[in-house]
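Trainee: Sequence and predicted structure are below.
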Amino acid sequence: MALNKKALHGVIALAGVSALALTACTGPSGGGSSSAPAAGGPIAYGTTDKVTALDPAGSYDNGSFMVMNQIYSFLLNSKPGSAEPVPDLAESSSFTAPTEYTVKLKTGLKWANGNTLDSKDVKFSFDRQVAINDPAGPASLLANIESVTAPDANTVVFKSKLANDQTIPFILSSPAAPIVDDEVFPADKVLADDDIIKAKAFHGQYTIDSYKKNELVSLKAFPDYQGVLGKPANDEATIKYYASPTNLKLDIQQGNLDVAFRSLSATDVDDLKKDSKVKVLTGPGGEIRYITFNFDTMPFGAKTPDADPAKALAVRQAIANLVDREAIADQVYKGTYLPLWSNVPSGFLGANESFKDAYGDAGKPSLDKAKKVLADAGITAKVVLNLQYNPDHYGGSSGDEYAMVKEQLEKSGLFTVNLQSTEWVTYTKASRADEYPLFQFGWFPDFSDADNYLTPFFPKGGFLNNHYNNETVNQLISKELTEADKSARETAIKDVQNALAKDISTLPLLQGAQVAIAGSSVNGVDKTLDASFKFRLGTISK
């Protein structure tokens, strides 16, 4: 059945169903039993995503994190079908003071190489994230963690800069939180993939048996895994990487893959729904697409020869008045993405439509408003925009998406758009190194809460490194982080979005759902398409 807009609204709304953990995650986790009790396999998985690094300190992207979720454990994690953080390597966890969150570890934990896994590894893992602070890494997620101590082998205490930080349980299950072996990983630099594999520094449902980066990864079930996910439903799994969504589609149709996930085009998905040899599965969607503005290098940016913050703002506002999200969603993505009207997508606590309220004409573009905002700022000549997008990380339709953005902006007569593309491995670093004045980015959330669309992005430029910083926004984000009253927190989240819509650090465009294609005899894919946004091969069998 075709996924219509009404249905997709329902899917997306599920992304916010997991209530924020306001109290402690307590109690023993056991070994978990969410996967099938008897393993079978192997499972073949295909994707167009790419791996930046297997070291958790060196990457902050969906492709890398997908592999990490198979080979590492966390203090807290979530069972398939849920987004609620529960003990994983931990035996229990709780707030033991307003600014202290204490975790008790299970005893007898071992890495696949035989090394002991205890509180030293945990403290080391978080300390090195902060120390390395790799531009492509997730250290920004730990901005509110003041210190991590390990008073004994089975206890870890996180001291927060904020009292009652409601996101700590989610942070401990995020991309910043895979636990690594302190006897293998260096404290001050990212460890190469091959060195991690050679050292067998794994404690997840799987270990890596063989590895050709961004070509093929072979995984084997780890018999001594003690986390909440339990025994995987298969003995072995492979991850195959594709440069072309067309080849990914062909292999799932021909039975060379059991599962295809990220990223087939909307046209491909629509076509596959008519193929009896496969099934199209959807899950809660928190994925968003947006344009990022570099406040230093965009037209009239702070480090350009004609720097003028008022004119730079006018350029951003004019673009916001001209972009037609509905046309992109309908014509490029055939309704599998919807217009995104704020920095927090629909379905999450406090989400509003701040950009729809502030720009355009009730959701339609407004040329008159765009002309006026530029004229009021004294901009009379056409503005040249150097707009970068990525062709291999966000799916095969990115080229069509940005061709339409270019067409919409140039049709106004106000802009000339130089559209360029770069492959992901280069793109992810160059975009944070001031090489792109305007650039495409997407976001697949680390955890199911509105704050994950705010804290990583905006305080002091966040992981985007786009030189945006607004102290009012910073204070509002701090407020929503620590507010235990749901109604008051919702108001604070809305206030943040309204402030961001005035500044336009990023321009929200689209939001979508998780879509996976599985062979007709493959089971368990639906179990992992949940609001945790973690794809786990361990639920899958055939």
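Mentor: Now that the structure is in, tell me what you want to look at.

Trainee: Not counting its neighbours along the chain, what's nearest Gly63?
Mentor: Asp49 (3.2 Å; C-beta to C-beta, 6 or more residues apart in numbering). In short, each C-beta sits where N, CA and C put it, glycine included.

Trainee: Could you count how many residues lie near Val190?
Mentor: Neighbour count for Val190, taken as other C-beta atoms under 10 Å: 20.

Trainee: Which of the helices or strands spans it?
Mentor: In this structure, Val190 sits in neither a helix nor a strand according to DSSP states H and E.

Trainee: Gly286 now?
Mentor: Residue-wise, Gly286 maps onto strand 278-293 under DSSP H and E.

Trainee: Equivalent analysis for Phe158, please.
Mentor: strand 155-160.

Trainee: Where does pLDDT dip in the stretch 1-150 of the chain?
Mentor: 1-41 (pLDDT under 70).

Trainee: same thing but 90
Mentor: By pLDDT under 90, the weakly predicted segments of the stretch 1-150 of the chain are 1-41, 81-84, 140, 143-144.

Trainee: quick one, strands of it?
Mentor: Under the criterion DSSP state E, counting those that start in this stretch, the stretch 1-150 of the chain contains strands at 43-47, 76-77, 86-87, 90-97, 100-105, 145-152.

Trainee: Pick the most buried one from those.
Mentor: Of all those, strand 76-77 has the most neighbours on average by mean count of other C-beta atoms under 10 Å, namely a mean of 26.

Trainee: that older thread, pull out the buried residues from the strand holding Phe158.
Mentor: Within strand 155-160, the residues that count as buried by 16 or more other C-beta atoms under 10 Å are Val156, Val157, Phe158, Ser160.

Trainee: Ok, stretch 369-378 next?
Mentor: Buried, per 16+ other C-beta under 10 Å, within stretch 369-378: Lys369, Ala370, Lys371, Val373, Leu374, Ala377.

Trainee: with those in mind, which one is nearest to Gln205?
Mentor: Ala370 (51.4 Å; C-beta to C-beta).

Trainee: so who does that closest one touch?
Mentor: Counting by C-beta atoms under 8 Å, 6 or more residues apart in numbering, Ala370 touches Gln317, Ala318, Ile319, Asn321, Leu322, Ser412, Leu414.

Trainee: Tell me the spacing between it and Pro178.
Mentor: Applying C-beta to C-beta, to the nearest Å, the value for Ala370 to Pro178 is 45 Å.

Trainee: Same question for Thr96.
Mentor: Counting by C-beta to C-beta - Thr96 and Pro178 are separated by 24 Å.

Trainee: and if you look at Phe295?
Mentor: For Phe295 relative to Pro178 (C-beta to C-beta), the value is 32 Å.

Trainee: One more: Phe463?
Mentor: From Phe463 to Pro178 the distance is 17 Å (C-beta to C-beta).

Trainee: Ala518 looks like it's in a helix, true?
Mentor: No: assessed with DSSP: H, G, I helix; E, B strand; the rest coil, Ala518 is strand; it does not lie in a helix.

Trainee: Let the chain start at 62 from now.
Mentor: Shifting the count to begin at 62 puts that one at Ala579.

Trainee: list the helices and strands the helix or strand where Thr477 lies packs on?
Mentor: In this structure, Thr477 sits in strand 476-482 according to DSSP H and E. If contacts are counted by 3 or more C-beta pairs under 8 Å, 6 or more residues apart in numbering; DSSP states H and E, strand 476-482 sits against helix 370-383, strand 444-450, helix 459-472.

Trainee: how about a cut-off of 6 Å?
Mentor: Packing partners of strand 476-482 (3 or more C-beta pairs under 6 Å, 6 or more residues apart in numbering; DSSP states H and E): strand 444-450, helix 459-472.

Trainee: what about the helices in the stretch 112-261 of the chain?
Mentor: Assigned by DSSP state H, counting those that start in this stretch, the helices in the stretch 112-261 of the chain fall at 123-132, 180-193, 229-232, 254-259.

Trainee: Deepest-packed of those helices, please.
Mentor: Highest mean neighbour count among the helices of the stretch 112-261 of the chain (mean count of other C-beta under 10 Å): helix 229-232, a mean of 26.

Trainee: hmm, back to that, tell me the buried residues in the strand holding Thr477?
Mentor: For strand 476-482, using 16+ other C-beta under 10 Å, the buried residues are Phe476, Val478, Leu480.

Trainee: Closest one to Asp564 out of these, please.
Mentor: When the buried residues of strand 476-482 are compared against Asp564 (criterion: C-beta to C-beta), the nearest one is Phe476, at 19.9 Å.

Trainee: In terms of distance to Arg323, which of the buried residues of stretch 430-439 ranks first?
Mentor: Distances from Arg323 to the buried residues of stretch 430-439, taken by C-beta to C-beta, are shortest for Ala431, at 34.3 Å.

Trainee: Confirm that the closest one sits in a strand.
Mentor: No: assessed with three-state DSSP, Ala431 is helix; it does not lie in a strand.

Trainee: residue contacts, the residue nearest to the spatial centre of the chain?
Mentor: Closest to where the C-alpha atoms of the chain average out (C-alpha atoms, centre = their mean) is Phe505, at 2.7 Å. For Phe505, the contact set (C-beta atoms under 6 Å, 6 or more residues apart in numbering) comprises Asn123, Glu348, Phe594.
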